[in-house]
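K.L.:
predicted coordinates and the sequence they were generated for:
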Amino acid sequence: MLNLISELTIPLLVVIIILYALRKKVNIYDAFVEGTTESFQMILTIFPSILAMIFGINIFLGSGVLTSVLDFIKPFLLSLKVPVEIVPMALMRPISGNATLAILNNLLLEFGPDSMIGRMASVIQGSTETTLYVLTLYFGSVGIRKIRHAMWTGLAVDLIGIIASIGVVLFIFG
Amino acid sequence: MVEKFMVNKIWSFFIVVGIGFALLTGQFEKINQIFFESTKVSFDLTMQIFPVIALWLGIMNIASVSGMLKRMSEILSPFLGKIFPEIPRGHESLSLIASNIVINMLGLGNSATPFGLKAMQSLQELNDKKDTASNSMVTFLIINTSGVTIIPTTVITMRMMYGSAHPTEIVAACIISTLISSLSGIFIDYIIRKRRGRA
C-alpha cells in the first residue's frame, strides 16, 4: 500500500497538472519549455557550493577523524538499530544544505540507495530543512533580531524529524 | 548571515582537521586521491541533478501558468487561518504563506523562497515590535523549517543516479516523517504561546 502511494504520487501529480492546464486552455508545451530554461541559472548557482562542500566533507570524513570519535557512541546507537554512519548527516542537516547533500551522496555511493542506510539518509534529506539557513534568511530579510523560540523549536523539530525518518524507515523496510 | 558565517568556520574546520588527521595517521596517498576525486564526484552530481531540475521546473511552470498553484493555496488558506489566529481574514500574508507551503511541498525549495520572503514582509506590516518576531512569524518559520515535502526531487534523482531499483520507494516515508515533525512543531509552538499568553 505504502509502496503504491510512493510510486504513484509523482505520475499522478503530473497528470493532474496537465489535465488542469488543458482545461484552462494553457499553452502547455511553451509553459514547460519556458520553465526548464530557469534550470541553467540554478545549476550555475549551485555547482560551486556543491564542489566546495563535497571537497570539504570528503577530506574530513575520508581522514577517518570522525569515525574514531563516533566509535565511542557506536554500541549505544547500534542497540537502537541506528547505523553510526548516519550521524554526520544528522549533525549537518540543520546547518548546511550542501554539506548534507554531499554526505547523502557519499552514503548512497558507499552503501547503495536500497540499503537501510541509503533509505534512512534519503528520507532524512527529503523530509527536513536547513533550519539555520531559513531562519537567518527569512528573519534577516525583514530586519528582525529577536527571534524568540523559533531557533530552538526549529532545531527540536529537526531532531524529531530525523528520529521520525529513522523510525519510519525501520518500520516500513525493517 | 548565519549560514555564511558558520559555513566559513565549518568548511575550514573540515579541511584543516581532515588533512591534519590524515597526515598524522600517515594517509598521504588517500588525501591526494580525495582532492581529485571530489572534483569528479561534484561534477557528476551536478550534471545528474541538472536535467531533473529542468524537467521538474518545466512541469511546475505549467502548474503555475494554469493557476493551479494559486488554486491549491486558496484551498489551503482556510486551514492556515486556524493555525495563524492573529492574521486578519483575507490578509495577503495568508495566501503568500500558502503559496510558500504548496511550492515547498512539491519539492521546489528555491522557487518557494520568494513567496516566503514576501510573506515575511507582509507579516512585518502586522507586527508591533519591528525588531522582534511576531507569533505568526515564528509559527510560519517553524512549519517552513520542519520541511514540508511531498516530492523530494533531489533525493529521487540521486537514488536513480546510484542505480536504485525503486528510486521513489521512500516517498511515503518522507511524507509520514515530515508530517510527524511539522505537526509536532505546530504543537510545541501552540503550547509555548498558550503558556506565555497566561503568564
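P.N.:
Alright, I've got the coordinates. Small disclaimer: the values here were computed from a predicted structure and weren't measured.

K.L.:
where does chain B dip in pLDDT?
P.N.:
Along chain B, segments meeting pLDDT under 70 span B:1-7, B:198-199.

K.L.:
please parse it into its domains.
P.N.:
As assigned by automatic domain parsing, chain B contains the domains B:1-49, B:67-198.

K.L.:
how about JSON lines for the ones you listed, with mean neighbour count and distance to chain A added?
P.N.:
For every residue, glycine as well, the C-beta is placed using N, CA and C. Below are these laid out as JSON lines (neighbours: other C-beta atoms under 10 Å in any protein chain shown; distance: least, C-beta to the nearest C-beta, whole Å):
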{"stretch": "domain B:1-49", "mean neighbour count": "15", "distance to chain A": "4"}
{"stretch": "domain B:67-198", "mean neighbour count": "19", "distance to chain A": "3"}
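
K.L.:
now these in CSV, with distance to residue A:53?
P.N.:
CSV is the format used below for the domains of chain B (distance: least, C-beta to C-beta, whole Å):
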stretch, distance to residue A:53
domain B:1-49, 8
domain B:67-198, 14
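
K.L.:
how close does residue A:35 sit to residue A:42?
P.N.:
Between residue A:35 and residue A:42 the computed distance is 11 Å (C-beta to C-beta, to the nearest Å).

K.L.:
quick one: which of the two has more around it?
P.N.:
Each of residue A:35 and residue A:42 has its neighbours counted (other C-beta atoms under 10 Å in any protein chain shown); residue A:35 has more, 22 against 16.

K.L.:
so who does the more buried one touch?
P.N.:
Applying C-beta atoms under 8 Å, 6 or more residues apart in numbering or on different chains to residue A:35 gives the contacts B:57, B:58, B:59, B:60, B:61, B:62, B:64.

K.L.:
helices or strands next to the one helix or strand the third one maps to in the packing?
P.N.:
Following DSSP states H and E, one finds residue B:59 within helix B:28-65. Applying 3 or more C-beta pairs under 8 Å, 6 or more residues apart in numbering or on different chains; DSSP states H and E, one finds that helix B:28-65 makes contact with helix A:2-23, helix A:28-62, helix A:97-111, helix B:2-24, helix B:153-161.

K.L.:
using TSV, lay out the ones you listed together with distance to residue B:130.
P.N.:
As requested, the helices and strands packed on helix B:28-65 are exported to TSV (distance: least, C-beta to C-beta, whole Å):
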stretch	distance to residue B:130
helix A:2-23	40
helix A:28-62	31
helix A:97-111	29
helix B:2-24	20
helix B:153-161	36
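
K.L.:
what's the nearest residue to the closest residue to chain B within chain A if we skip its chain neighbours?
P.N.:
Residue nearest to chain B within chain A: residue A:35 (2.5 Å; C-beta to the nearest C-beta). Nearest residue to residue A:35, sequence neighbours excluded (C-beta to C-beta, 6 or more residues apart in numbering or on different chains): residue B:61, at 2.5 Å.

K.L.:
list the contacts of that neighbour.
P.N.:
Contact analysis of residue B:61 by C-beta under 8 Å, 6+ apart lists A:31, A:32, A:34, A:35, A:36, A:38.
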